[in-house]
Structure formats: structure tokens, C-alpha cells
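>>> model the structure of this input:
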Amino acid sequence: MNGSVHDDALLLLLATKRIYAMDHPCAKLQPGEAVDPQGACERIGWAATPSRCEAALEYLEAEQALERSATTVRGVGTNGYVWGSGAADMLGEE
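Next up, the predicted model:
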């Protein structure tokens, strides 16, 4: 694995945010908004190493940067994630 799990988690969180911004150019990403971190894993080239994506997702869940969705979100990943309350802290945003 290249880099630390923390570094991978930051990379995945930023990629997830960029995908959301591309898909929703007029919306501000807020906690509770559906996001697609699995799609971000594919776009940053981690499809061949699913364990890397899984480790980063586990880290982001522990930091409450991403949270599993309580409802199934159509068209967003297989597990359905939402932007978490800890994402802004992790990215150094207010």
C-alpha cells in the first residue's frame, strides 16, 4: 500500500468531494448529502486494490467524515454513503 491509511483517506475524501461538485455544480456539499466514495475509488485507480479503498472508507467512517446511509440511495454506490459531520474538520474547512 502506498502512503498511510490517513493519507489515502484524505485523498478519497477529496476525490469524493470533487465528484459531488462535478455532479452538483450549484449545490454546496453539506452533512447528510449522498456521495459516492466507491466511484471515487474507481476514478483514482484503486479498483485493482479494493482493500486500499476499504481501509480508507473504514478510516473515514471512524472519523465520521463519511457515514453509511440509513436508506438506500439509488445510483450512489453499493453501500450508500452520506457526507459526514467530521468531513470539514478532516479537510481543515470551517
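>>> what's the helix or strand for the residue lying farthest from the centre of the chain?
Relative to the centre of the chain, the most outlying C-alpha is that of Cys26, 19.3 Å out, by C-alpha atoms, centre = their mean. Under DSSP states H and E, no helix or strand contains Cys26.
>>> one more: the one 4 residues further on?
Using DSSP H and E, Gln30 maps to neither a helix nor a strand.
>>> let me know whether it touches Trp83 as I believe.
Yes: applying C-beta atoms under 8 Å as the test, Gln30 and Trp83 come out as touching, 6.7 Å apart. The way it works is simple: take the backbone N, C-alpha and C, and place the C-beta from them, glycine included.
>>> more crowded one of the two?
Taking neighbours as other C-beta atoms under 10 Å, Gln30 and Trp83 compare with Trp83 leading, 22 against 11.
>>> which parts of this structure are helices?
5-23, 37-43, 50-62, 87-91 (DSSP state H).
>>> so where's the chain shaky on pLDDT?
Counting by pLDDT under 70, the low-confidence segments of the chain come to 1-3, 71-79, 94.
>>> can we see that at 80?
The model of the chain has pLDDT under 80 over residues 1-3, 70-79, 94.
>>> center of it - which residue?
With distances taken as C-alpha atoms, centre = their mean, Pro37 lies nearest the centre of the chain, 3.9 Å away.
>>> mind listing what it touches?
Pro37 makes contacts with Leu12, Leu13, Ala15, Thr16, Cys53, Leu57, Leu60, Leu66, Gly77, Tyr81, as judged by C-beta atoms under 8 Å, 6 or more residues apart in numbering.
>>> count the neighbours of the closest residue to it other than its chain neighbours for me.
Spatial nearest neighbour of Pro37, chain neighbours left out: Thr16 (4.7 Å); criterion: C-beta to C-beta, 6 or more residues apart in numbering. Residues near Thr16, counting by other C-beta under 10 Å, number 28.
>>> so what's Thr16 up against?
Val35, Asp36, Pro37, Ala40, Leu66, Trp83.
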